[in-house]
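Novice: predicted coordinates and the sequence they were generated for:
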Amino acid sequence: MKLEFHHINFVSEDVDRLHDFYTNVLGLDDIAQENFPRTEATKDHGYTGKIRFATEGAMQMHLAERAFDVGFNHDQVINPVERGHIAFRTDDLPAFLSKLDDNGIPYSDYGTTFAKEWHQVFFMDPEGNVIEVHQQVA
């Protein structure tokens, strides 16, 4: 099982302002939203918030509209767009989940709720920081 750092997610009430800061002030490149096919969402299921993307070439930034109800709407403990999170990509999600289970670490398995091509799982480190681990499914 391999993990590689993939992205950091920041949340905001004004995603365009945040994106403008990272692209126009800090000089990161925009990543077209078409590169991230989203699963269709409704008001009560999925995630309908605005998302923008930026990169310095290797790492991605996902800038998402803050939503406090995502965890509740999916009967999940962890809400990935309440405070933001860091994300890793794995090549063996079942092995990674076994590691979490073996260590007694609870997680929220959102599957492909947010991204058509990623199976996403969220959990917390000992300080309460949200971490995503995902595997490509398409």
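Specialist: It's in. Residues are numbered from 1 along each chain as shown.
Novice: so where's the longest strand in this protein?
Specialist: Ranked by number of residues, the top strand in the chain under DSSP state E is strand 3-12.
Novice: list the neighbouring strands of that strand plus their orientation.
Specialist: strand 60-65 (parallel), strand 85-90 (antiparallel) (DSSP bridges).
Novice: from these, which stretch is densest packed?
Specialist: strand 60-65 (a mean of 22; mean count of other Cβ atoms under 10 Å). (Each C-beta comes from the backbone N, C-alpha and C, glycine too.)
Novice: what ranges do the helices span in the chain?
Specialist: With DSSP state H as the definition, the chain shows helices at residue ranges 15-20, 70-73, 93-102.
Novice: deepest of the ones you listed, which one?
Specialist: Mean neighbours per residue, mean count of other Cβ under 10 Å, is largest over the helices of the chain for helix 70-73, with a mean of 18.
Novice: hmm, back to that, quick one: which of the helices of the chain is nearest Lys50?
Specialist: Nearest of those to Lys50, taken as Cβ to Cβ: helix 15-20 at 4.5 Å.
Novice: quick one: list the elements packing against the closest one.
Specialist: Secondary structure elements in contact with helix 15-20, counted by 3 or more Cβ pairs under 8 Å, 6 or more residues apart in numbering; DSSP states H and E, are strand 51-55, strand 60-65.
Novice: helices and strands of this structure: which one bottoms out on pLDDT?
Specialist: The helix or strand of the chain with the poorest confidence is helix 70-73; it has a mean of 89 (mean pLDDT, DSSP states H and E).
Novice: now the helices of the chain as JSON lines including distance to Asn79?
Specialist: Shown next, in JSON lines, are these (distance: least, Cβ to Cβ, whole Å):
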{"stretch": "helix 15-20", "distance to Asn79": "17"}
{"stretch": "helix 70-73", "distance to Asn79": "4"}
{"stretch": "helix 93-102", "distance to Asn79": "18"}
